[in-house]
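Q: only the shape, not the letters, is given here:
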Ligand code: PHE
Ligand code: ZN
């Protein structure tokens, strides 16, 4: 197996040789690109006297090496190049290297690679070392000047344009940056141009670069970019700092997008949108990711990470900022519910399994494996808690101090917390545990009502996680409100600070025993373990003033129904059904909210909930139970569905805004329910009449769910055959909605097609990712899906280790299930681990999951 060297946070040392300036020349050629690098070093005798100079480099053919013009004779090793201290001058010097690389064979999509004839780069986290010899670490920040030589018409890099002519272009980036923010793009591209005037009057040229023909699908992304730029000025006081801002869409990309300075590179599915090709969810994600990458300009680029252990410093904060932005653009209530749903689905799952790690890990084998829901989403939750604890005004002051103090630096979580301590006078020693300890705390609640005093006793339980068996209590902000039995709020939201293992809080002056609404707005990323009667949940669903907890009450009710059905209950009880009938027809509620409340808990979510409560989930029983639950809901709502669908029918032009999207979501939720009763007639009509992708895909899904839809699938394929992004949806919807005993077979059929281009990460995810997202199909008892996933991971790994490792997390939940399934998954993990030549990425993941 590949060697697994572990890197430790505790081993951090500053880099030995300060680097000021970098000049790069690229002579582009698919098989043999030449990269000439001139690195201007400025020795600092105080820093590391007598140290050798170590440069990272992987897969490079060294052509030439010279120091201040004198050729040097040093042999590189597999991971870099060392210049002995004895060779290095005491005064500033220039190290020049020339290397050759082959972008065309680069299927890992890291470093310089080609996608559809276009050159592009991906350097985060450690891809720059595949381009040239360099100190490839985020705390080395230098100014870059780049020259690109190529006959391609569009040649882009970071910073401002610094001249161009036939066959060349130069770029100059005045802001010191780490190498992971370097980017280069060259190709036959066309731009959607626009411009932005910053508050202080700087005119910025904006461009979104795409392949010819796609310009018409860039308008929404451009609009989202301008709104993001304005928002960051207004809310965080942050202005853009270059003359140009370029975004490029590429089809082959491992992740969502990348915040390279002045030259963001995006997975094309997060840029391109038209009503006919993109769903409302796509639009919402495009808006969020455009904002996210733009916001990195301050939180990530101007202030970067000292080392990769500090990844959450930029990612947690930037996710938090993009969530705030989306809430401001759309609905805070709906956004919060969606974010919590995603957190539970991905981060809680991670936190409760073998891959659990702290928001700031203290060791890793492959850093690419730590771009996780914990670092991103829990990292954002931790910032939300900090804001809740210190208050909005203090949060704003702390952020101003953060920008003032650390602009231009590579910072740490300690720096971040110190800023908050200095700005607010608070001691954050205990709070820091949120960064250093893994695991989802569980909160239990005891209530007491005596002599007109209501007391709440909260207790925190901290489950063991890999390498962290015992933990000290955390600071947990618990937002609480109290309602009178008549539904009036008698205690508006107040934040209780739980700092000890067990603590009581008293509320006095109440006329009657209140109903408590606890953890409002999901004020901390914890599991609330609390037995509440169905009647009380229904009461909260009807009366809570906190929209999140209103939704949560309905969700908890639904989960109880689902668990009971899966455990053999003969029918669905009336509480939940009656509550849903009332809620759905309550026109004072946002349709988007109602659509969310109608959505049944997912099977994986339910399996996690059962496992956390010490019960063993049965995937087949859960699947059947969920179908029965949907049928019961469809029955209870039957009289209301036609009227609701009528009321949510959109007339007039399509808009991707939150209001229309909410109506469509409710409309299509109703369509899904109706099709459980009408044999698919309404969905067939809806598919035929659909004028946008949201409606087409919803109708198609409704049909597949009831075992129909083949003619519609064929029609969809005939229409969209030539469109990669839309065809990804066609692949995915079939796998997601395949019956459990047909899932593996569906995947086998789809992967045998000529257009299953598995080296394209989007296409791979649309089928293999969907395989593991179909819970009952993935966990079908014969183990065929497990085998299929392992086969595909092993096939992809040599080509693209990063994506293979990411997709392997489908196996992380194996301990939840019965011994038969456990045995089957363990056998697949063992088979993966026994494979020779495994990448470091996949080897690390399989080892941790099997462990
Ligand atoms: N830094 C990117 C983001 O979150 C994610 C990314 C990581 C992209 C690594 C590519 C490679 O904005
Ligand atoms: Zn990010």
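A: In hand now; what should we look at? Source: prediction; values computed, not measured. Ligands and ions are numbered 1, 2, ... in the order given.

Q: what parts of the stretch 301-450 of the chain come near ligand 1?
A: Residues of the stretch 301-450 of the chain lying close to ligand 1 (CB under 6 Å from any ligand atom) are 315, 371. In short, each C-beta sits where N, CA and C put it, glycine included.

Q: what pairs with whatever helix or strand residue 121 lives in, parallel or antiparallel?
A: Secondary structure assignment for residue 121, by DSSP states H and E: strand 118-122. Strand 118-122 sits in its sheet next to strand 111-115 (antiparallel), strand 184-187 (antiparallel), going by DSSP bridges.

Q: distance between the first one and the chain's centre?
A: Going back to what we said before, that points to strand 111-115. 23 Å (CA atoms, centre = their mean, to the nearest Å).

Q: equivalent analysis for the shortest one, please.
A: Mean C-alpha position of strand 184-187 versus that of the full chain (CA atoms, centre = their mean) differs by 26 Å.

Q: can you check stretch 515-534 too?
A: Between the centre of stretch 515-534 and the centre of its chain there are 25 Å (CA atoms, centre = their mean).

Q: one more: stretch 458-466?
A: 25 Å.

Q: could you list the buried residues of it?
A: Across stretch 458-466, burial judged by 16 or more other CB atoms under 10 Å covers 458, 459, 460, 461, 462, 463, 465.

Q: quick check, nearest of those residues to residue 351?
A: residue 465 (7.2 Å; CB to CB).

Q: mind listing what that closest one touches?
A: The contact partners of residue 465, taken as CB atoms under 8 Å, 6 or more residues apart in numbering, are 351, 356, 357, 437, 438, 439.

Q: please redo it, this time with the cut-off set to 10 Å
A: Counting by CB atoms under 10 Å, 6 or more residues apart in numbering, residue 465 makes contact with 351-358, 437-440, 471.

Q: between the buried residues of stretch 458-466, which is nearest residue 51?
A: For the buried residues of stretch 458-466, the nearest to residue 51 is residue 465 (37.4 Å; CB to CB).

Q: surely residue 605 is in contact with residue 343?
A: No. Assessed by CB atoms under 10 Å, residue 605 is found out of contact with residue 343, at 11.3 Å.

Q: list residues touching both of those two?
A: Residues touching both residue 605 and residue 343 (CB under 10 Å, 6+ apart): residue 349.

Q: wait, does the strand or helix carrying residue 173 contact ligand 1?
A: Using DSSP H and E, the element containing residue 173 is strand 168-177. No. Counting by CB under 6 Å from any ligand atom, no contacts exist between strand 168-177 and ligand 1, the nearest distance being 13.4 Å.

Q: show the average pLDDT along that strand.
A: Strand 168-177 shows a mean pLDDT of 98 in the predicted model.

Q: follow-up on the earlier one: and after the strand holding residue 121, which helix or strand comes next?
A: Once strand 118-122 ends, the next helix or strand along the chain (criterion: DSSP H and E) is strand 142-149.

Q: what packs against the next helix or strand after that following strand?
A: Using DSSP H and E, the helix or strand that directly follows strand 142-149 along the chain is strand 154-157. For strand 154-157, the elements it packs on are strand 19-27, strand 118-122, strand 142-149, strand 168-177, strand 184-187, strand 203-210, strand 244-250, strand 263-267, judged by 3 or more CB pairs under 10 Å, 6 or more residues apart in numbering; DSSP states H and E.

Q: how much does the next helix or strand after strand 154-157 deviate in direction from strand 142-149?
A: Per DSSP H and E, strand 154-157 leads on to strand 160-165 as the next helix or strand towards the C-terminus. Strand 160-165 and strand 142-149 are oriented at 20 degrees to each other (axes from the mean of the first three to the mean of the last three CA atoms, to 10 degrees).

Q: give me every residue in the chain lying close to ligand 2.
A: Taking CB under 5 Å from the ion as the test, the list of the chain residues beside ligand 2 reads 315, 318.

Q: where does residue 1 land on pLDDT?
A: Listed pLDDT for residue 1 reads 47.

Q: for the one 4 residues further on, same thing?
A: Reported pLDDT at residue 5 in the predicted model: 93.

Q: around it, count how many other residues there are.
A: Look at residue 5: counted by other CB atoms under 10 Å, it has 9 neighbours.

Q: tell me which parts of this protein are close to ligand 1?
A: Residues of the chain lying near ligand 1 (CB under 6 Å from any ligand atom): 122, 124, 125, 255, 257, 258, 259, 292, 293, 296, 315, 371.
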